[in-house]
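Engineer: For reference, the sequence and a predicted model appear below.
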Amino acid sequence: MDAIPVTPLPPSGSRDWEALRRGFRGRPALELSQAWREIPEPLFAPGRVRVALAGMSLAVFATLRDRDVFNPVTHSGVPAFPHGDTFEIFLQPEGQAAYYEFHVTPGAALLQLRWPAPMRTLALDWTAPADPLRAYRITRWRIRARARAVPAGWEVHAEIPLRRIFEERAPWHGSRVRVNFARYDYTRGRLQPVLSSTAPLGELDFHRAADWPRLDLRFC
């Protein structure tokens with residue numbers, strides 16, 4: 001798959017949601033799907049994620065259809081995906097071993113993680129009393145993220161500083177980054193969430209970076 005060109009948003013002094021929507025109009029769009037299944041689950045709800053550049057940040061605007069928008073987790077820094085709706089962002093600069101994972105809930109609670117290697121290869125003990133994510137949490141800086149409920153779903157706007165993500169060299173015109181956007185879509189009264197991803201995953205594993213499409217960053 002060819003890299004997806006990502007270009008800057010026009011200058012705007014407004015952070016109004018409708019102004020954001022207009023600014024992202026026509027930008028590359030990645031559709032959520034269940035590529036690992038022959039047909040989607042009956043309760044699968046579509047979603048679309050548009051990407052652009054805002055200064056030296058990757059800007060993301062997600063529109064998510066949802067029949068029941070909720071997540072009881074209100075504090076940042078704790079895993080919210082076992083409890084309710086969660087939007088996830090995965091980023092890995094091309095050629096870099098470490099990658100980043102960010103979670104945003106409908107209430108804009110955040111979880112930020114840095115994985116030094118594929119998560120599946122790390123020894124995480126989810127049954128131990130100690131926090132298995134402690135060594136991987138990002139606490140010294142935060143992305144900009146917010147969310148809101150809209151008719152028939154919810155929206156997420158996030159900006160991720162690329163200088164924090166690119167560890168081995170500074171991002172520049174033509175830099176490439178692998179990306180995946182994923183979702184836990186819960187419905188109250190149903191035990192399991194519906195999972196979806198913008199990456200064409202060969203199996204259900206959001207961390208399969210080899211399947212993530214690449215973005216071509218074009219700062220000018």
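Structural biologist: Good, I have the coordinates.
Engineer: what is Ala62 paired to in the beta sheet?
Structural biologist: Val49, Val156 (DSSP bridges).
Engineer: wait, doesn't it sit right on Phe87?
Structural biologist: Yes. Contact criterion Cβ atoms under 8 Å: Ala62 and Phe87 qualify, at 5.8 Å. C-betas here are computed from N, CA, C, even on glycine.
Engineer: Quick check: neighbours shared by these two?
Structural biologist: Common contact partners of Ala62 and Phe87 (Cβ atoms under 8 Å, 6 or more residues apart in numbering): 156, 181.
Engineer: List the backbone torsions phi and psi for Leu133.
Structural biologist: phi -100, psi 0 (degrees, to the nearest 10).
Engineer: Secondary structure element holding the residue nearest to the spatial centre of the chain?
Structural biologist: In the chain, the centroid-proximal residue (Cα atoms, centre = their mean) is Ile89; its distance is 1.6 Å. Assigned by DSSP states H and E, Ile89 belongs to strand 86-93.
Engineer: Tell me the first helix or strand C-terminal of that strand.
Structural biologist: Past strand 86-93, the next helix or strand by DSSP H and E is strand 99-104.
Engineer: Could I get the full set of strands for this structure?
Structural biologist: For the chain, the strands defined by DSSP state E occupy 4-6, 29-31, 47-54, 57-65, 86-93, 99-104, 110-115, 144-150, 153-161, 176-185, 194-197, 214-217.
Engineer: just to revisit the earlier point, check the offset of the strand holding Ile89 from the chain's centre.
Structural biologist: How far strand 86-93 lies from its chain's middle: 4 Å, per Cα atoms, centre = their mean, to the nearest Å.
Engineer: and it with strand 144-150, angle?
Structural biologist: Using axes from the mean of the first three to the mean of the last three Cα atoms, to 10 degrees, the inter-axis angle of strand 86-93 relative to strand 144-150 is 150 degrees.
Engineer: Convert the C-alpha atoms of the helix of greatest length in the chain to PDB, please.
Structural biologist: When the chain is parsed with DSSP state H, its longest helix is helix 17-24. The C-alpha trace of helix 17-24 is given here as PDB (Å, rounded to 0.1, in the frame of the first residue of the first chain):
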ATOM      1  CA  TRP A  17     -16.000  22.000  16.400                       C
ATOM      2  CA  GLU A  18     -17.700  23.100  13.200                       C
ATOM      3  CA  ALA A  19     -14.700  25.000  12.100                       C
ATOM      4  CA  LEU A  20     -12.600  21.900  12.800                       C
ATOM      5  CA  ARG A  21     -14.900  19.800  10.700                       C
ATOM      6  CA  ARG A  22     -14.600  22.300   7.800                       C
ATOM      7  CA  GLY A  23     -10.800  22.300   8.100                       C
ATOM      8  CA  PHE A  24     -10.600  18.500   7.900                       C
END
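Engineer: how far does that helix sit from the chain's center?
Structural biologist: On Cα atoms, centre = their mean, the centre of helix 17-24 falls 19 Å from the chain's centre.
Engineer: Next: stretch 99-117.
Structural biologist: The answer for stretch 99-117 is 8 Å, by Cα atoms, centre = their mean.
Engineer: returning to what we had before: does the residue nearest to the centre of the chain really touch Tyr99, like I thought?
Structural biologist: No. Contact criterion Cβ under 8 Å: Ile89 and Tyr99 do not qualify, at 10.7 Å.
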